[in-house]
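Engineer: return atomic coordinates for the entry below.
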Amino acid sequence: MAHTANTRRVRTEADDKPLGMHFDKVPLSTKLVVIIFVLLFAGTGSITFAIRQMVSGYLLDRMDSQLTGQAQLVYNNVSKLNQQNPATTLGVTSYFIQIRDSNNQIATLTDANGNVVGDANFPPQLKYNIVSSPLLPASGSMSGVALSTPFTTPAYVELPDSLRNVSKDKLTNEQREVINSASAAWRVVALPWVDEAKGTHGVVYIGLSLGDMTSTVQTITEYCLMVGAAIVVLGACLGSLVVNHTLKPLKRIEKTAAKIAAGDLSQRVPSMPENTEVGSLSASLNAMLYRIEYSFHEQEATTEKMKRFVSDASHELRTPLAAIHGYAELYKMQRDYPGALERADEAIGHIEKSSTRMTVLVEDLLSLARLDEGRGIDLTQQVNLSSIVSDATEDLHALDPERGVSVGRVAMTTVLPDGAPESARRTPCLAFVAGELPDVRLTGDASRLRQVVTNIIGNVHRYTPADSPVQVAVGTLTASITPDTLGKMPSTDASLARFIEAVQVAQGTQSGYDYAVVQVIDHGPGVPADKRSQVFERFYTADPSRAREKGGTGLGLSIAQSVTKAHKGLICATETPGGGLTFTIVLPLGTVSEPPADRTQPMKTKKSGWSRGRKNAAKAAPAANAADAAGLSGKAGAPAGGSAADGPTPPAA
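Structural biologist: Below is the predicted model of the structure:
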């Protein structure tokens, strides 16, 4: 027992935490509802108290005014009050009147003959003969009462014999109400009086019960309390509903976040009006989730590409290494047999061929790695693009003397869809105009651009028949699309169509960015549409065995794409009308064209460093300009390589 008495409560770590830390664990909805409840409770309580005070003060002021008015009436009839009851003289029944003489003694009443009939003390008569009087100073004393100043004093209640010995439980409701009303305090004012006829003076006390006022104030208070309680309860309920409804999106956000944490990055927060806090949060979260999902998929795609790249590179490197190893083993096995020298020369030739292929492959891989890192390229050189294209066409002609190689320029034209009537709307496209190569110069890396054109020409040599014709064209066009946007576009037909639309916009506004366009058009077997987007993937070859026979590594077009992207350009492969494959390369010249009306006005320089003004870095040959003036047109499906006589549509450049 002693041990129990001396046992002390062990303090825990939670006991040492301040109240605020415990409050932080309460859910936000509960906090808001509690705050609303407390505010409503405090507000209604304050309003109730204010109303009670205002009503009480107002009624008390009215009562004081009534007492002052009655006091004037008593003062005017004080001589009569000494002789008879005020109920007869003044007609008052609810007022208390007490008259005292100059010695503060309660005065006496006399009749007409001068006989004393009683004291000058006139309490109001209540029901059931209950008498209620204010508690005044004893007869003969003022006890500090100030004249002409109303004051409040308790009531002195006298019950009749019939009610004095009756318990409260046996009283009727009406009797209880009368007794409670009689027990209310009194408001009393003391005034001096003078009877000039008799030469007497004294003090008269006039009082009015506060029972009615107290009852009125109590009723109003109870009404305010009931209304306030209803407002608090209703406000708390409505606040709870509004808070829960408002925070419901946060619950959905919480569930969405849980699903995202579980690995489902496709989940999104339900949209709400962004002018609300939750709506703004939802929009920000959705934007973040889109970026996270995009980055995650990009990372997955990059990882997958890396895995495939490593696998393909290993496979491609294994083939020449296996050949080298095989021929070395073969030579070892046959070196002691007759004719070993001839077989050694043959083995060394095969080893040299495999090592050469492996060297080319490693160099291509190194170029791609450097381009991915942004190294190995110089974009500040002045490049004669026409000279690079001319050298590439001469190389193709030397490799395939029987192949027909035509050169010319690139221009805009419009064609009719297959089977469409002449009145149908024409579709804009790029056209080949035979003639001399225009002089096109730009800023970039000359060796890398030469590698791009050489790789494309090499593909034409390896994968098209030696007698199939090839058209190579160079030109300049003005488009409304920025180089930054162009460089981020994928190598697809849709991207080329978007560029052509931008050229049309620039034709209408006569302003835009100047671009060099190179097209290599072959009429070989082409590439199926479902595989055309894969030609720029690393190690992609339509026929791997044929590629090895031709010496291809599957990296040439990937390098061409990386170099073009480094120049903020676009490269894509489309189907040649009539069969074949057309490679289109778009490279920014570094100039911006302005409408003629703006040439005299200075323009601001863009942040990217591109200068304003009509700067034509590409100067077309006279024959090409004449063809431009004449215009181009044609029908879809017609082979590329038309002339200026094919139609009247004016070109863009």
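
Engineer: can you pull the buried residues of the helix or strand in which L366 is found?
Structural biologist: For L366, the element it lies in under DSSP states H and E is helix 340-372. Neighbour counts using 16 or more other CB atoms under 10 Å place 343, 347, 350-351, 354, 357-358, 360-361, 364-365, 367-368, 371 of helix 340-372 among the buried residues. Where C-beta positions appear, they are placed from N, C-alpha and C, glycine not excepted.

Engineer: list the pairing partners of the next helix or strand after that helix within its sheet, with orientation.
Structural biologist: On the C-terminal side of helix 340-372, the nearest following helix or strand under DSSP H and E is strand 381-384. If you go by DSSP bridges, strand 381-384 pairs up with strand 439-444 (antiparallel).

Engineer: can you show me the CA trace of the partner strand as PDB?
Structural biologist: Written as PDB, here are the backbone C-alpha positions of strand 439-444 (Å, rounded to 0.1, in the frame of the first residue of the first chain):
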ATOM      1  CA  ASP A 439      26.200  29.700-104.400                       C
ATOM      2  CA  VAL A 440      25.100  29.100-100.800                       C
ATOM      3  CA  ARG A 441      27.200  29.900 -97.800                       C
ATOM      4  CA  LEU A 442      26.600  29.600 -94.100                       C
ATOM      5  CA  THR A 443      28.300  29.500 -90.700                       C
ATOM      6  CA  GLY A 444      29.000  26.000 -89.400                       C
END
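
Engineer: next structured bit after that strand?
Structural biologist: Following strand 439-444 in sequence, per DSSP H and E, is helix 446-463.

Engineer: quick check: buried residues in that following helix?
Structural biologist: 446, 448-463.

Engineer: got the contact list for it?
Structural biologist: 367, 377, 381, 383-385, 388-389, 391-393, 395-396, 399-400, 470, 472, 518, 520, 522, 524-525, 542, 546-547, 550-552, 556-557, 559-560, 563-564, 566-567, 571, 583, 585, 587 (CB atoms under 8 Å, 6 or more residues apart in numbering).

Engineer: my guess is V472 contacts Q519. True?
Structural biologist: Yes - counting by CB atoms under 8 Å, Q519 is a contact partner of V472 at 7.2 Å.

Engineer: the closest residue to L28 other than its chain neighbours and Y540, how far apart?
Structural biologist: Nearest residue to L28, sequence neighbours excluded (CB to CB, 6 or more residues apart in numbering): L247, at 6.6 Å. Applying CB to CB, to the nearest Å, the value for L247 to Y540 is 53 Å.

Engineer: reformat the buried residues of helix 340-372 as TSV; add pLDDT.
Structural biologist: TSV is the format used below for those (pLDDT from 0 to 100):
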residue	pLDDT
R343	71
A347	78
H350	77
I351	80
S354	77
R357	74
M358	77
V360	75
L361	73
D364	72
L365	74
S367	75
L368	71
L371	72
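
Engineer: redo those as CSV? Include distance to R532.
Structural biologist: Supplementary listing: those in CSV, determined by distance: CB to CB, whole Å:
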residue, distance to R532
R343, 45
A347, 41
H350, 35
I351, 37
S354, 31
R357, 26
M358, 29
V360, 25
L361, 24
D364, 22
L365, 24
S367, 24
L368, 21
L371, 22
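
Engineer: any idea which of those residues is closest to S162?
Structural biologist: L371 (118.2 Å; CB to CB).

Engineer: nearest residue to the closest one other than its sequence neighbours?
Structural biologist: Per CB to CB, 6+ apart, closest to L371 is S562, 4.0 Å.

Engineer: okay, the one you found: pLDDT?
Structural biologist: pLDDT for S562: 88.

Engineer: mind giving me the packing neighbours of the host helix or strand of it?
Structural biologist: Element membership for S562 (DSSP H and E) is helix 556-566. Identification of packing neighbours for helix 556-566 by 3 or more CB pairs under 8 Å, 6 or more residues apart in numbering; DSSP states H and E yields helix 340-372, helix 446-463, strand 570-575, strand 581-593.

Engineer: fine, thanks again, bye for now.
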